[in-house]
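A.B. asks: Return a 3D structure for these sequence lines:
(one chain, ligands or ions: 1)
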Amino acid sequence: MKYHIISVFPESTSSYLESSLLKRAKENGIIDVSFYNIRDYTEDKHNKVDDRPYGGGPGMVISAMPVLKAVEDAVEKSENPLIVFFTPHGEEFSNTMADEIKDEYTDAIFICGHYEGVDARVTQILKTKNVSIGNYVLTGGELPALVMIDAITRRIPGVLGDGLSVEENRIAPKDPYTRPECFEYQGEEYCVPEVLRSGNHAKIDEFRKEN
Ligand code: SAM
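C.D. replies: Sure, this is the predicted structure:
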């Protein structure tokens, strides 16, 4: 899966992609991430990416043209891309959406808004899939891009150690425990539930289902 991040601050996402599972997936050639700085697609000498909103109101809006050009560039480097636009008013992201994207597309192009958002003509022209990652407002679409990259990537076969690590394929512990078996904290003793130490897998599964 190839991801393309279009943003005014694309570098803000890079450190998360350089650790743990996503780093390994990149090294193994399972995913690839490209960055497009909207500023690089401006034509004026100050590389201005935003302007005041028509109709008045606070904040600035990212202009359409540099975003459209950045998307053109990403599309050229893609096979079968989905163009995602991040907005708090979009369809809420879920595992189901992650699977649909992973199964139906080779590339996901993420348009990350910032400030008061992006000129509405971008979504009208590109007929983007408008996605929200939850019922709250963030400063930009960079975290939503990372959330989607993480959630989609861990569902690609071969990314996690074994297929059983994807939650739906097993009875995942909601409350996990690890060593030591017991410890004392502020005068109280805290122990791992007896059944998890029993080695009886049928009972362990039953306990996890109940919990
Ligand atoms: N007033 C703007 C609006 O209602 O769209 C808020 C813009 S927000 C400060 C800046 C950008 O962050 C948005 O254009 C969008 O790309 C991203 N964003 C903020 N919250 C989001 C969310 N819950 N899900 C997805 N993207 C979000």
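A.B. asks: Got the domain ranges for the protein?
C.D. replies: 2-163, 171-210 (automatic domain parsing).
A.B. asks: Least reliable of the ones you listed by average pLDDT, please.
C.D. replies: Sorting these by mean pLDDT places domain 171-210 lowest, at a mean of 92.
A.B. asks: still on that earlier bit, what's the closest of the domains of the chain to the ligand?
C.D. replies: Closest of the domains of the chain to the ligand is domain 2-163, at 2.2 Å (criterion: Cβ to the nearest ligand atom). In short, each C-beta sits where N, CA and C put it, glycine included.
A.B. asks: Report whether the closest one contacts the ligand.
C.D. replies: Yes: counting by Cβ under 6 Å from any ligand atom, the ligand is contacted by domain 2-163 at 86-88, 112-114, 116-117, 132-134, 136-141, 144.
A.B. asks: from the chain's centre, how far out does stretch 18-34 sit?
C.D. replies: 13 Å (Cα atoms, centre = their mean, to the nearest Å).
A.B. asks: just stretch 88-95 next, same as before
C.D. replies: Centroid separation for stretch 88-95 versus its chain: 11 Å, with Cα atoms, centre = their mean.
A.B. asks: cool, and stretch 80-89?
C.D. replies: Worked out by Cα atoms, centre = their mean, stretch 80-89 lies 11 Å from the chain centre.
A.B. asks: For the residue nearest to Val159 when sequence neighbours are not counted, what is the enclosing helix or strand?
C.D. replies: Using Cβ to Cβ, 6 or more residues apart in numbering and skipping the chain neighbours, the partner closest in space to Val159 is Ala25 (5.2 Å). Ala25 is located in helix 20-27, with elements delineated by DSSP states H and E.
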